[in-house]
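Enquirer: Could you look at this predicted model? Sequence included:
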Amino acid sequence: MNKEDQQYRMQIDSMEKQFGAQSQQLNNLWKSIHNLDSIHQAAVTGIIDKHGWLGPTQIGDEASFNLSWMFLHFDQKTKEKYLPLMKIAVKEGKAESTTLALLVDKIALLQGKKQIYGSQVRQDEKTGEYYLAPLEDPENVDKRRKEVGLKPLAEDYNLKVHNIIWDPKTYKPGV
């Protein structure tokens, strides 16, 4: 499932550059991605509902990581429903704290709140520029990131790939 998931998502940037952010080609790709996400959501939640959260000792490191990672692409209701289970899975060593941090940020933004770990970026629809999504307590974000095993925000892949320079003193959340 993870290979399928990433296969389509790896095409997003090149499709956007080739055809534009508002193109029919990119819209069709997103439709395919969302369709696949719903199929994966049913499969993953079915596994967890039947067997509980499976960790590395049950299914191996890669499959365990992928099981948790898939939740990042599920709908809001499912993310919220399984968040408490993922928190328990992290405490039991069945899921990664870094993946949990990304899920916490995604859920916070979906609920209209600020993210905690700074893992999410947004794109301004008018300018096409990327920016760090609204962030709670920017001055202490690196402390929170360190606690869950994430690199400092200035070294975050998502910021680097989108040419966002992190400085907590000058940070102003985008619109």
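Expert: Structure's in. What do you need? Numbers count the residues shown, from 1 in each chain.
Enquirer: Let me see the ranges of the helices in this structure.
Expert: Applying DSSP state H to the chain gives helices spanning 2-9, 12-19, 24-51, 56-59, 61-70, 76-91, 97-110, 141-148, 157-161.
Enquirer: which stretch among those helices comes nearest residue 117?
Expert: Closest to residue 117 of the helices of the chain, according to CB to CB: helix 97-110, at 4.4 Å. Every residue, glycine included, has its C-beta placed from N, CA and C.
Enquirer: Show me what counts as buried in the closest one.
Expert: Within helix 97-110, the residues that count as buried by 16 or more other CB atoms under 10 Å are 98-109.
Enquirer: Mind putting the helices of the chain into TSV with distance to residue 134 and mean pLDDT?
Expert: As requested, these are arranged in TSV below (distance: least, CB to CB, whole Å; pLDDT from 0 to 100):
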stretch	distance to residue 134	mean pLDDT
helix 2-9	23	87
helix 12-19	23	89
helix 24-51	23	94
helix 56-59	34	95
helix 61-70	24	92
helix 76-91	17	96
helix 97-110	7	96
helix 141-148	12	96
helix 157-161	15	84
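Enquirer: would you turn those helices into TSV with distance to residue 126?
Expert: TSV is the format used below for the helices of the chain (distance: least, CB to CB, whole Å):
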stretch	distance to residue 126
helix 2-9	24
helix 12-19	15
helix 24-51	17
helix 56-59	45
helix 61-70	32
helix 76-91	25
helix 97-110	20
helix 141-148	27
helix 157-161	21
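Enquirer: which residues touch residue 121?
Expert: The neighbours of residue 121, taking CB atoms under 8 Å, 6 or more residues apart in numbering as the test, are 130-133, 158-159, 162, 164.
Enquirer: got it, and residue 95?
Expert: 53, 55, 64, 67-68, 86, 89.
Enquirer: Now with 6 Å, please.
Expert: 68, 86, 89 (CB atoms under 6 Å, 6 or more residues apart in numbering).
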